[in-house]
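J.: Based on what follows, work out the 3D shape:
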Amino acid sequence: MASLLSKVQTLISASLHALVDSALKANSVAVFDEYIRQAQNNLDELEDALVTVRGQLKTLQRKYELLQAEAEQLDADIDRLLKLGKEDLAVAAQAQYNSKTELAQEYKEQLEKQQAEADKLASARLKLETKLNMVKQEREQVVALLELARSKEIAAKTIRSLDDLQGLGDADIARVTEQIRARLDRADAEMEIKAERLEVQMDEVLGRERLEQQLAERKRRLGLAQ
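T.: From the prediction side, this is the model:
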């Protein structure tokens, strides 16, 4: 369980900035796909672990309540036996009462530990789900940026080819290349506008992550962090 929580914490603390930089430098979203794969696997493991722990909680709760009820019944029986003057039976009942109350206390302590474990798992699952959604969203932004970059590369190659053609001196070729240049200029302008919009959206997502990190640090200072 500790190993699973450690892996999840590593994924939660992964920097979106670093993921974006790595993807853009490698001209690939493989780094995002690997993160998403690992995060999804760990989410599934967290879900299984949480179901198991909560099942154990129900079992412990049921046993604890049963022992408590039996102890309460024995407590009443002891008083009744003492009133009837049956000291030997009262001693035996007292011994059973002590045993059941001690066992009930052990179950109670186990309940508290299991509840704390369940809380940790639930918190980790929520945080990882949130981070996973952010990374998926960021992946789409990076895909769009990479597509724009590839389009610009194709446009640049086309322009170099046009430069070669224009050097031939044919008037018809010159006119056609100029028309193509105009269309490329317009397409390039459209891509720049789309890129600016994407960059603004990315800044908003990454800025939000920074704010969340600052709030988390403030909560730790105030003793409010789980």
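J.: Pull the contacting residues for residue 110.
T.: If a contact means CB atoms under 8 Å, 6 or more residues apart in numbering, then residue 110 has residue 60 as its contacts. (Glycine included, C-beta is placed from N, CA and C.)
J.: if I look at it, how far off is residue 223?
T.: Distance check for residue 110 against residue 223: by CB to CB, to the nearest Å, it reads 27 Å.
J.: Also residue 13?
T.: When CB to CB is the yardstick, residue 13 and residue 223 sit 21 Å from each other.
J.: more neighbours, the two?
T.: Using other CB atoms under 10 Å as the criterion, residue 13 and residue 223 rank with residue 13 on top: 10 against 6.
J.: What pLDDT is listed against the more buried one?
T.: In this model, residue 13 is scored at 82, pLDDT.
J.: Check residue 63 too.
T.: You'll see residue 63 listed with a pLDDT of 92.
J.: secondary structure element for it?
T.: Assigned by DSSP states H and E, residue 63 belongs to helix 30-83.
J.: Could you point out the helix or strand that follows that helix?
T.: Taking DSSP H and E, what comes next after helix 30-83 is helix 87-166.
J.: Low-confidence regions, the protein specifically.
T.: In the prediction, the chain carries residues with pLDDT under 70 at positions 1-2, 149-212, 214, 225-226.
J.: go again using 80 as the cut-off
T.: Along the chain, segments meeting pLDDT under 80 span 1-2, 15-17, 24, 141-142, 144-226.
J.: and the residue nearest to residue 96 when sequence neighbours are not counted, what does it touch?
T.: Nearest residue to residue 96 in three dimensions, chain neighbours excluded: residue 74, at 5.6 Å (CB to CB, 6 or more residues apart in numbering). By CB under 8 Å, 6+ apart, the contact list for residue 74 reads 93, 96, 97, 100.
J.: Same check on residue 47?
T.: Counting by CB under 8 Å, 6+ apart, residue 47 makes contact with residue 125.
J.: Near residue 28, how many residues? Count them for me, please.
T.: Neighbouring residues of residue 28 were enumerated by other CB under 10 Å; the total is 13.
J.: That one - nearest residue in space that isn't next to it in sequence?
T.: Take residue 28 and drop its neighbours on the chain: the residue closest to it by CB to CB, 6+ apart is residue 146, 7.7 Å away.
J.: Could you verify my assumption that that neighbour touches residue 29?
T.: Yes: Residue 146 lies in contact with residue 29 (CB atoms under 8 Å); the separation is 7.1 Å.
J.: Between the two, which contacts overlap?
T.: Common neighbours of residue 146 and residue 29 (CB under 8 Å, 6+ apart) are residue 23.
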